[in-house]
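> Whatever this is, show me its structure:
(one chain, ligands or ions: 2)
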Amino acid sequence: MRALLVYPEFPDTYWSFRHALAFEGKRSAFPPLGLLTVSAMLPGTWERRLVDMNVRRLGEGDIEWADMVFASAMIVQKDSLERVVSMCKARGKPVVVGGPYVSTSAEQLPEADHIFVGEAEATLPEFLGDLERGETKRFYRAAERPALDLTPVPDFGLAELGRYSAMSVQYSRGCPFSCEFCDIIEIYGRVPRTKTSGQVLAELDALRELGWRGLVFVVDDNFIGNKRNVRRLLPELIAWSERHGRPFSFITEASVNLAEDDALLEMMRRANFRRVFLGIETPVEESLKEARKGQNTRRDLLASVRKIQSYGMEVMAGFIVGFDSDPEDIFDRQIEFIRESGIPLAMVGLLTALPDTQLWRRLKREGRLLKESSGDNTEGSLNFVPRMNAAFLVEGYRKILRTIYSPAEYYRRALDCLAHLTEGPEPRRSSLLGDAAAFARVVLALGVRDAARAEFWRYLRRAAVSHRRNFAHAVTLAAMGYHFRKLTEVHGE
Ligand code: B12
Ligand code: SF4
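Ligands and ions are numbered 1, 2, ... in the order given. All right, here's what the predicted structure looks like:
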């Protein structure tokens, strides 16, 4: 049996990092971990091929080669997924689909042969058994959220490692909180399930043996969702890192209450966590309460960010406008918070009702839903009727983007961030020539062609003088800022 695994194309969004990746000569930020995991669950005798359409074209030859096609997608990939399904069906190939989009919108793919809802660990074995007996069904729905000790080491070797800027591993799924707009808790549950430390180290071993060096994204919904288990994992991760000469640095996502736990922060620093993404959402207490984001209320959010930064980590964060409780000056308050926080990568989105979330259900009850969400909460369109005047809200949102990604504001935050980072270069899989070429591309785009070149040179000079040991990261931040600015030219005007 020949299995073709296809990951559809992302649109060019803030999260695609496309304009920054081009400098590095990379095609995509992360590999499709869901498909690599599914691949590792297929019978050992099957041949496998991966086409991540974000790093290379899906060719006729790939489809002809396959006996069966497996595809995975998030909502933002739905148009591309539909095209993939049609292409494969037109060539008579059976198509199996799964992943977060399919799990929340299972009825939307009329052409697919087999539709998987939920995590493959709980459904794929049944499908493979049915396939052997020639009795496959159209729908496979996971009856439960499986324990993660069933999850095999993903087939990392299928991915073209050199085309990505980071690799991914997953320690846990699910989050104990209950934010109204969140679909994670609907898809992956409110009881965080973790792998064993041994499983995580085996995944890191696999990456190391494949020659990966550099950034690893621990793609958990909330890395500290199960603090007790994380406290067990981190000492083993630190020992593993030291044993192997610290081949990786890490980035993850966590809830803001991470700031309360100095011991955990210290262990994360020692394990070489360099970046953490926080869901801050809004500095407005009423809006946080409305969103049921209790873990962010009654705390000084700015102080929490500063605390985490004081452990050498760059804080990245998500912000949302469009809550019913947002006051009219919300836009200025968000700008002010971001300005004060030293968070260069501030991902600001319009509130979006994702399918089957608590927010979706409430807005439906209130008769305020307008349409399906595109999944991209940065494109400036609303899928519900907001309390605030819609045009005022969208214009205010765009003003935030234009302000925070303007070169002066962005470079100021980047310097603030650099001042707190752990000193010293991160491990990387790179060559001197590759680095020099990437640097030359950045200099040409930002320091020669760009209208904001004076600000770029001022920034670079200050980074070289004050943050010499993190100069490579300073250049990466400049490239990221360029990406955000390019997209803001589309979304912010
Ligand atoms: C890492 C990550 C990213 C990475 C991209 C990673 C990549 N290349 O795949 C980045 C940071 C770029 C990203 C961006 C975005 N993301 Co994202 N991301 C994640 C995250 C945290 C982990 C993904 C992952 O690797 N999971 C680990 C694997 C093992 O899990 P899995 O993919 O679900 O796979 C399992 C099952 O779904 C199933 N399965 C999966 N595929 C298939 C296929 C078949 C055939 C079968 C049978 C089964 C199956 O079995 C697998 C094993 O159990 C998830 C949250 C999560 N828990 O997954 C959000 C998540 C997938 N992202 C999401 C969103 C909304 C986005 C953005 C749109 C955010 C935004 N507002 O712009 C952007 C879009 C990207 C873009 N360029 O436009 C949503 C998707 C919602 C949805 N219903 O589709 C999620 C669920 C989180 C959330 N609610 O915010 N994301
Ligand atoms: S903390 Fe994050 S992952 Fe957890 S429920 Fe809230 S939004 Fe979802």
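> Arg275 belongs to a strand?
Yes - assessed with DSSP: H, G, I helix; E, B strand; the rest coil, Arg275 lies in a strand.
> Now the phi/psi pair for the residue lying farthest from the centre of the chain, please.
Relative to the centre of the chain, and counting by C-alpha atoms, centre = their mean, the farthest-placed residue is Arg133 at 38.3 Å. Dihedral angles of Arg133 (phi, psi; degrees, to the nearest 10) stand at phi -90, psi -10.
> Ligand 2 versus that one, what's the distance?
Here the criterion is C-beta to the nearest ligand atom, to the nearest Å. By it, Arg133 lies 39 Å from ligand 2. For every residue, glycine as well, the C-beta is placed using N, CA and C.
> beta partners of Met116?
Not quite, residue 116 is Phe, not Met. Tyr140 (DSSP bridges).
> Might you report the residue contacts of it?
96-98, 102-103, 123-124, 127, 140-142 (C-beta atoms under 8 Å, 6 or more residues apart in numbering).
> for this protein, what helix or strand is lowest in average pLDDT?
When each helix and strand of the chain is scored by mean pLDDT, DSSP states H and E, helix 432-442 comes last, with a mean of 88.
> Which residues of the chain lie near ligand 2?
Listed as neighbours of ligand 2 in the chain under the rule C-beta under 6 Å from any ligand atom: 175, 177-179, 182, 184-185, 221-222, 255, 279.
> One more pass at 5 Å, please.
Residues of the chain lying close to ligand 2 by C-beta under 5 Å from any ligand atom are 175, 177, 179, 182, 184-185, 221, 255, 279.
> Near ligand 1, list only the ones from those residues.
Restricting the residues of the chain next to ligand 2 to those near ligand 1 - C-beta under 5 Å from any ligand atom - leaves 184, 221.
> bridging residues for the closest residue to ligand 2 within the stretch 301-450 of the chain?
Nearest residue of the stretch 301-450 of the chain to ligand 2 (C-beta to the nearest ligand atom) works out as Gly318 at 8.2 Å. Beta-bridge partners for Gly318, by DSSP bridges, are Gly279, Met347.
> And the pLDDT for it?
You'll see Gly318 listed with a pLDDT of 98.
> again, but for the one 4 residues further on
Reported pLDDT at Gly322 in the predicted model: 98.
> repeat for His114
For His114, pLDDT reads 98.
> and the closest residue to it other than its chain neighbours, what helix or strand is that in?
Nearest non-adjacent residue to His114, counting by C-beta to C-beta, 6 or more residues apart in numbering: Val96, 4.3 Å away. Here Val96 sits within strand 95-98, counting by DSSP states H and E.
> close to ligand 1, is that strand?
Yes - contact of strand 95-98 with ligand 1 is found when judged by C-beta under 5 Å from any ligand atom, involving 96, 98.
> got the CA coordinates for that strand in PDB?
C-alpha atoms of strand 95-98 as PDB (Å, rounded to 0.1, in the frame of the first residue of the first chain):
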ATOM      1  CA  VAL A  95      -9.200  10.100   0.200                       C
ATOM      2  CA  VAL A  96      -9.000  10.000   4.000                       C
ATOM      3  CA  VAL A  97      -9.300  13.400   5.900                       C
ATOM      4  CA  GLY A  98      -8.800  14.400   9.500                       C
END
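> Identify the residues contacting the helix or strand just after that strand?
Later in the chain than strand 95-98, the nearest helix or strand by DSSP H and E is helix 100-104. The contact list for helix 100-104 (C-beta under 8 Å, 6+ apart) reads 34, 72-75, 77-78, 81, 109, 115-118, 183, 186-187, 354-356, 375.
> ok, back up a step: ok, now which ones touch the residue of the stretch 301-450 of the chain closest to ligand 2?
By C-beta under 8 Å, 6+ apart, the neighbours of Gly318 are 277-281, 347-349.
> Which of the residues in the least confident helix or strand of the chain are classified as buried?
438, 442 (16 or more other C-beta atoms under 10 Å).
> At the contact with ligand 1, which residues of the stretch 201-350 of the chain appear?
219, 221.
> What ranges does the stretch 201-350 of the chain have for its strands?
214-218, 248-254, 273-281, 314-321, 346-350 (DSSP state E, counting those that start in this stretch).
> so the second one versus strand 314-321, what angle?
Counting by axes from the mean of the first three to the mean of the last three C-alpha atoms, to 10 degrees, strand 248-254 points 30 degrees away from the direction of strand 314-321.
> Just the pLDDT for Gly492.
Looking at Gly492, its pLDDT reads 67.
> picking up where we left off before, which of the strands of the stretch 201-350 of the chain sits closest to Arg428?
For the strands of the stretch 201-350 of the chain, the distance to Arg428 is smallest for strand 214-218, at 4.5 Å, taking C-beta to C-beta.
> tell me what the closest one is packed against?
Judged by 3 or more C-beta pairs under 8 Å, 6 or more residues apart in numbering; DSSP states H and E, the packing partners of strand 214-218 are strand 167-169, strand 248-254.
> So which of these is the most surrounded?
The highest average neighbour count among the helices and strands packed on strand 214-218, using mean count of other C-beta atoms under 10 Å, belongs to strand 167-169 at a mean of 25.
> Which strands or helices does it pack on?
helix 197-209, strand 214-218.
> And the shortest one, what's buried?
Buried residues in strand 214-218, counting neighbours by 16+ other C-beta under 10 Å, are found at 214-218.
> and those as TSV, adding distance to Val191 and pLDDT?
Below are the buried residues of strand 214-218 laid out as TSV (distance: C-beta to C-beta, whole Å; pLDDT from 0 to 100):
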residue	distance to Val191	pLDDT
Gly214	33	95
Leu215	29	96
Val216	25	98
Phe217	23	98
Val218	19	98
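> and which of these is nearest ligand 1?
The closest of those, once distances to ligand 1 are taken by C-beta to the nearest ligand atom, is Phe217, at 6.1 Å.
> show me the contacts for that closest one.
Phe217 neighbours (C-beta under 8 Å, 6+ apart): 30, 166-169, 250-252.
> Just list whatever residues bridge to it.
Under the criterion used (DSSP bridges), Phe217 bridges to Ser168, Ile251.
> So which residues of the stretch 351-493 of the chain form helices?
358-365, 390-404, 407-418, 432-442, 453-466, 471-491 (DSSP state H, counting those that start in this stretch).
> ok, of those helices, where does mean pLDDT dip lowest?
helix 432-442 (a mean of 88).
> could you give the angle of that helix to helix 471-491?
Orientation check (the same axes, to 10 degrees): helix 432-442 against helix 471-491 gives 40 degrees.
> next one: helix 432-442 to chain centre, how far?
Distance of helix 432-442 from the chain centroid (C-alpha atoms, centre = their mean, to the nearest Å) equals 26 Å.
> so what secondary structure elements neighbour it?
If contacts are counted by 3+ C-beta pairs under 8 Å, 6+ apart, helix 432-442 sits against helix 18-24, helix 471-491.
> Does stretch 376-385 reach ligand 1?
Yes - for stretch 376-385, a contact with ligand 1 is found by C-beta under 5 Å from any ligand atom, at 376-377.
> er, stretch 33-42 actually
Yes - counting by C-beta under 5 Å from any ligand atom, ligand 1 has neighbours in stretch 33-42: 33-34, 37-38.
> Most neighbours out of those residues, which is it?
In terms of neighbour count, Val38 stands highest of these at 27 neighbours, by other C-beta atoms under 10 Å.
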